[in-house]
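Visitor: Build me a model:
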Amino acid sequence: MDYQQSLDYLYGLQRFGIKLGLENVRALLERLGHPEAGYAIVHVGGSNGKGSVSACLAEILRQGGHRVGLYTSPHLHSFTERIRVNGVPISEPEIARLTEDLRARSEGIPATFFEFATALALQYFSEQKVEFVVLEVGMGGRLDATNAVTPVLAILTPICLDHGEHLGPDLAAIAAEKGGIIKPGIPVVIGPQDPVALHVLLRQAKERRAPVLLYDRDYQVGSSPGGFSFSAAGLHLQDVVPGLPGVHQHSNFATALAAAQELRRQGVSLDEAALCNGVRQVRWPGRLEWWQGERRVLLDGAHNAGGARVLADFLDTVPADAVRWVVGVKGDKRLEDILAPLLSRVTALYCTRPPVDGAVPPDGLAACGAAAGLPVRIFAEAGSALAAALADCREGEIVLVAGSLFLVAAAREYLMGQEGARW
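Guide: Just a heads-up that it's a prediction; the model follows:
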């Protein structure tokens, strides 16, 4: 089996759809001899910021001299991005080898794509002899495949309305599902939360006797023009320089630092230089990313209400004569939640679809933009929409690409193909 054949097999497992539950992944891990028992796991859930927090904590641990696995989803350009050791993605031959091995071992287990990928990642981390794994939840928490593990620490980033068709109709129900990663007696770091979600999480932690480190109670962050300060029991950091833009990242990084401080309390060796260097060195493409560092094209994976509000706040800080928005949205998202915070901050829409099944038709997006009084154009795919926006863009204006991480990936691929071309 080569790499392409392994991808064909993996993506073929999508025929099983999204099937929340732990039975299959537990059976897979049993057949593998429980590779997840060989390292310490930090389990990261939530709605927004969990990727940034995961990447930051993994980098802090790496800067502290530890060998670290990082499992995230989805990927931007290559499946290999989901599985990293000390920042290096798994190789294509390793994907092929592990897929073939796990396929043979999984006979009779109707594993989904994500269940299979999770087991594969946990096996790879075992083979790589990592000390720590930072494991990002795929969807929800209670019945997510990643919840088959027993971590040394859990983290919950801000929770908002998302994946309601799978997780529940309101914020309390969604928070209950995401809070399902809270384990009896295992500490949990809780980031900034809506009061409704926070009430649910604190109740779950109390019921499970899980020690809580709570944002703005047990750890605090203060923003400044050049960075931020962080305070927690036994730790005070000043003028921390973030590696990612956006004031909202300060609270994400504070959550990662609070997790690192809890690991220090558990005996993990991490000095203050590792903490600060980890925050400064972290990179997370497609999240408030200025393409090639120039303030011309802004790429952001905002795809729900919380992400859209964060993006809107960031746009308020960007000096621009106009914002031309290349927009595409998956069909399972609440369209009004994404559009409402942003339509008043942009000047034109270039409506397209992300390269994924079930996307919102571009004419539906255009109708919303026209109703808001914006000029709109419709395009069949992301590259042509971005090309048109760039052609229209004048000095002092910017092009925004947002609405779906899949759209951002398509835009980045277009831009990589156009490097050297004049805009």
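Visitor: Could you tell me which ranges of the stretch 1-150 of the chain sit under the pLDDT cut-off?
Guide: Within the stretch 1-150 of the chain, the segments meeting pLDDT under 70 span 15-19.
Visitor: Could you do the stretch 151-300 of the chain as well?
Guide: The stretch 151-300 of the chain contains residues with pLDDT under 70 at 162-166, 168.
Visitor: Strands of that one, start to end?
Guide: Ranges of strands within the stretch 151-300 of the chain are 153-156, 188-190, 212-214, 219-224, 227-232, 235-240, 289-290, 297-300, based on DSSP state E, counting those that start in this stretch.
Visitor: Of those, give the one that comes closest to Ser54.
Guide: strand 153-156 (8.2 Å; C-beta to C-beta). (C-beta placed from N, C-alpha, C; glycine too.)
Visitor: CA atoms of that closest one as PDB?
Guide: Only the C-alpha atoms of strand 153-156 are listed here, as PDB (Å, rounded to 0.1, in the frame of the first residue of the first chain):
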ATOM      1  CA  LEU A 153      -4.900  17.100  32.200                       C
ATOM      2  CA  ALA A 154      -7.900  18.400  30.200                       C
ATOM      3  CA  ILE A 155      -8.400  21.800  28.700                       C
ATOM      4  CA  LEU A 156     -11.600  23.400  27.500                       C
END
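Visitor: List the buried residues of stretch 408-416.
Guide: For stretch 408-416, burial by neighbour count (16 or more other C-beta atoms under 10 Å) applies to Val408, Ala409, Ala410, Ala411, Arg412, Tyr414, Leu415.
Visitor: meant to ask about stretch 129-145
Guide: 130-145.
Visitor: of all the residues you listed, which comes closest to Ser404?
Guide: Met139 (15.4 Å).
Visitor: sec struct for the closest one, please.
Guide: At Met139 the chain is in coil, as set by DSSP: H, G, I helix; E, B strand; the rest coil.
Visitor: Cross the buried residues of stretch 408-416 against helices and list the overlap.
Guide: Secondary structure from DSSP state H places Val408, Ala409, Ala410, Ala411, Arg412, Tyr414, Leu415 of the buried residues of stretch 408-416 in helices.
Visitor: Same list (these) but as TSV, adding pLDDT and distance to Ile109.
Guide: Below are these laid out as TSV (pLDDT from 0 to 100; distance: C-beta to C-beta, whole Å):
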residue	pLDDT	distance to Ile109
Val408	96	34
Ala409	95	30
Ala410	96	33
Ala411	97	37
Arg412	95	35
Tyr414	95	39
Leu415	95	40
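Visitor: so which of the residues you listed comes closest to Val196?
Guide: Looking across these and measuring by C-beta to C-beta, the closest to Val196 is Val408, at 29.5 Å.
Visitor: any idea how far Leu270 lies from Ala256?
Guide: 12 Å (C-beta to C-beta, to the nearest Å).
Visitor: who touches both of the two?
Guide: Ile60 (C-beta atoms under 8 Å, 6 or more residues apart in numbering).
Visitor: More neighbours: these two, which one.
Guide: Ala256 (34 against 18; other C-beta atoms under 10 Å).
Visitor: is it possible to export the strands of the stretch 151-300 of the chain to TSV including distance to Leu315 and mean neighbour count?
Guide: Putting the strands of the stretch 151-300 of the chain into TSV (distance: least, C-beta to C-beta, whole Å; neighbours: other C-beta atoms under 10 Å) gives the following:
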stretch	distance to Leu315	mean neighbour count
strand 153-156	27	29
strand 188-190	28	29
strand 212-214	30	19
strand 219-224	17	17
strand 227-232	20	20
strand 235-240	24	15
strand 289-290	13	17
strand 297-300	8	23
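Visitor: Include distance to His248 when you put those strands into TSV, please.
Guide: Converted to TSV, these look like this (distance: least, C-beta to C-beta, whole Å):
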stretch	distance to His248
strand 153-156	16
strand 188-190	16
strand 212-214	18
strand 219-224	10
strand 227-232	11
strand 235-240	15
strand 289-290	14
strand 297-300	11
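Visitor: So which residue is smack in the middle of this protein?
Guide: Gly51 (3.0 Å; C-alpha atoms, centre = their mean).
Visitor: tally of neighbours for the residue nearest to it when sequence neighbours are not counted?
Guide: Excluding its sequence neighbours, the residue lying closest to Gly51 (C-beta to C-beta, 6 or more residues apart in numbering) is Thr72, at 5.5 Å. For Thr72, the neighbour count with other C-beta under 10 Å is 22.
Visitor: Give me the distance between Thr72 and Thr157.
Guide: When Thr72 is compared with Thr157 (using C-beta to C-beta), they lie 13 Å apart.
Visitor: same check, this time on Arg82
Guide: For Arg82, the distance to Thr157 - C-beta to C-beta - is 18 Å.
Visitor: hmm, back to that, now do the contacts for the residue nearest to Gly51.
Guide: Taking C-beta under 8 Å, 6+ apart as the test, what Thr72 contacts is Gly51, Ser54, Ala55, Glu81, Arg82, Glu136.
Visitor: Mind telling me what element the first one is part of?
Guide: Counting by DSSP states H and E, the secondary-structure element that holds Gly51 is helix 50-63.
Visitor: which is the next helix or strand following that helix?
Guide: That would be, after helix 50-63 and using DSSP H and E, strand 68-71.
Visitor: list the helices and strands that next one packs on?
Guide: Contact partners of strand 68-71 among helices and strands, from 3 or more C-beta pairs under 8 Å, 6 or more residues apart in numbering; DSSP states H and E: helix 50-63, strand 83-85, helix 113-127, strand 132-136.
Visitor: correct me, but Pro74 touches Val356?
Guide: No - with contact defined as C-beta atoms under 8 Å, Pro74 does not reach Val356; the gap is 9.6 Å.
Visitor: Looking at Arg82 and Thr157, which is more packed in?
Guide: When neighbours are counted by other C-beta under 10 Å, Thr157 comes out ahead of the other of Arg82 and Thr157, with 29 against 21.
Visitor: Contacts only, for the nearest residue to that one once chain neighbours are set aside.
Guide: What sits nearest to Thr157 in space, not counting adjacent residues and going by C-beta to C-beta, 6+ apart, is Gly46, at 3.1 Å. Residues in contact with Gly46 (C-beta under 8 Å, 6+ apart) are Val53, Val137, Ile155, Leu156, Thr157, Pro158, Ile159, Lys178, Gly191.
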